[in-house]
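1. Sharing a model prediction with you, sequence too.
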Amino acid sequence: MKKRIILMVNSDCNQSCGHCYLGYSGKRSPESTLELTRDFKERGYDIIIAGSETLLDTGYLESYRAAGQKYILTNGKLIAKDLSLCDKLISYGIREVRMSLLHGLEARLGSVRKDIIKKAVRTALNAGLKVQLAAVISQDNYQDIGAICREAVELGVDSQEFLRYMKVGRAKGTDVETITEEQRQSVFDQIQVARRIFNKTLKVRINGNFGPRKGTLGEKMASQGKYCPAGEHMFAITPNNRVYGCPGLTEWPIGRLVDGRIMVVSDLPKERKDCIADKI
């Protein structure tokens, strides 16, 4: 399996979302990011550029192009405000914008308002970009998979992703509860139904942090310790050169980046039947 490196380039953000799972701080310069990107690419790694809000410094876009990354993660506020930003993204090879719409949790978690997200969606679509929305699923909205997909179709987006709410990072201090095992299985069932209903109009995706569905190849892989690539085939590197298994594990460093080389000094748990991000 080809190894993947996620360069978490900054912790700067223009929104303090309560569901944010990132547990690091700092900023890597666009110049240093580009140098690392090119170096890792030459050595055969897949590279993903991410952060908190990378659009706060468009100097990072050169690294997106060097990585061959066609999408960008953003909270949407800058796109809603600056109509020309989408044209700039396209000029650097970006073809898809990915944003979160929390569906009932915006006020409690201090995330971007729905009207701003909708404006950002319209702006991106009008510019010719694809749009993926992400919904964070907790005990408050785990029964709303179908309704969330219907709203995504109405907005005209291309895909809808679902992520499990995790009590890590800033999310530790909220009163929002993570889903139970029974509720997790319910989400899988609802997604199967949604895929049948919206198969011609919307791609319905589920993030790996839900873990595998019962009775699937993913469950078999999990029993063999092969489901989650964190710390073995995937690494997240923060601005202070600490190495983590994935962006959801940035409270548990496993090594450092030394002279451009990943030095792992501690292993993550081998038992990974579901996501380990909120269990370490």
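-> Here it is on my side, so go on. Keep in mind the model is a prediction, meaning the values are calculated, not measured. Numbering: from 1, shown residues only.
2. you'd agree Lys2 is up against Arg43?
-> No. Contact between Lys2 and Arg43 fails when scored by Cβ atoms under 8 Å: they sit 11.1 Å apart. Any C-beta I mention is one placed from the backbone N, CA and C, and that applies to glycine too.
3. So for these two, which sits in the more crowded spot?
-> Taking neighbours as other Cβ atoms under 10 Å, Lys2 and Arg43 compare with Arg43 leading, 11 against 7.
4. how near is the more buried one to Gln69?
-> For Arg43, the distance to Gln69 (Cβ to Cβ, to the nearest Å) stands at 17 Å.
5. buried ones in the longest helix seen in the chain?
-> Scanning the chain for the helix with the most residues, using DSSP state H, yields helix 181-197. Buried residues in helix 181-197, counted by 16 or more other Cβ atoms under 10 Å: Gln183, Arg184, Val187, Phe188, Gln190, Ile191, Ala194.
6. Closest one to Ile117 out of those, please.
-> The closest of those to Ile117 turns out to be Ala194 (Cβ to Cβ; 19.9 Å).
7. how near is that closest one to Val153?
-> Distance of Ala194 to Val153, given as Cβ to Cβ: 10 Å.
8. for Arg122, same thing?
-> Distance from Arg122 to Val153, by Cβ to Cβ: 15 Å.
9. Same question for Leu73.
-> Distance, Leu73 to Val153, by Cβ to Cβ: 22 Å.
10. who has more neighbours, those two?
-> Taking other Cβ under 10 Å, Leu73 and Val153 do not tie; Leu73 has more neighbours (20 against 14).
11. Tell me, how many residues neighbour the closest residue to that one other than its chain neighbours?
-> Nearest non-adjacent residue to Leu73, counting by Cβ to Cβ, 6 or more residues apart in numbering: Arg98, 5.0 Å away. Counted by other Cβ under 10 Å, the residues lying close to Arg98 total 18.
12. still on that earlier bit, how about the helix or strand following the longest helix of the chain: buried residues?
-> Sequence order places strand 203-206 as the next helix or strand after helix 181-197, per DSSP states H and E. Buried residues in strand 203-206, counted by 16+ other Cβ under 10 Å: Val204, Ile206.
13. ok, now stretch 69-89?
-> Those buried within stretch 69-89 under the rule 16+ other Cβ under 10 Å are 69, 71-77, 79-80, 85-86, 89.
14. residues in contact with it?
-> Defining contact as Cβ atoms under 8 Å, 6 or more residues apart in numbering, one finds that stretch 69-89 is touched by 13-15, 17, 47-50, 53-56, 58, 61, 64, 93-100, 111-112, 116-117, 119-121, 123-124, 127-129, 132.
15. Of the residues you listed, which belong to helices?
-> Using DSSP H, the contacts of stretch 69-89 in helices are Leu61, Tyr64, Ile116, Ile117, Lys119, Ala120, Val121, Thr123, Ala124.
16. Confirm for me that the last one is in contact with Arg95.
-> No. Distance between Ala124 and Arg95: 10.5 Å, which falls outside the contact criterion (Cβ under 8 Å).
17. Which residue of those two possesses the greater neighbour count?
-> Comparing Ala124 with Arg95 by neighbour count (other Cβ under 10 Å), the higher total belongs to Ala124, at 25 against 13.
18. which ones are touching Lys279?
-> With Cβ under 8 Å, 6+ apart as the criterion, no residue contacts Lys279.
19. and the longest helix of the chain, how far out from the chain's middle?
-> 20 Å (Cα atoms, centre = their mean, to the nearest Å).
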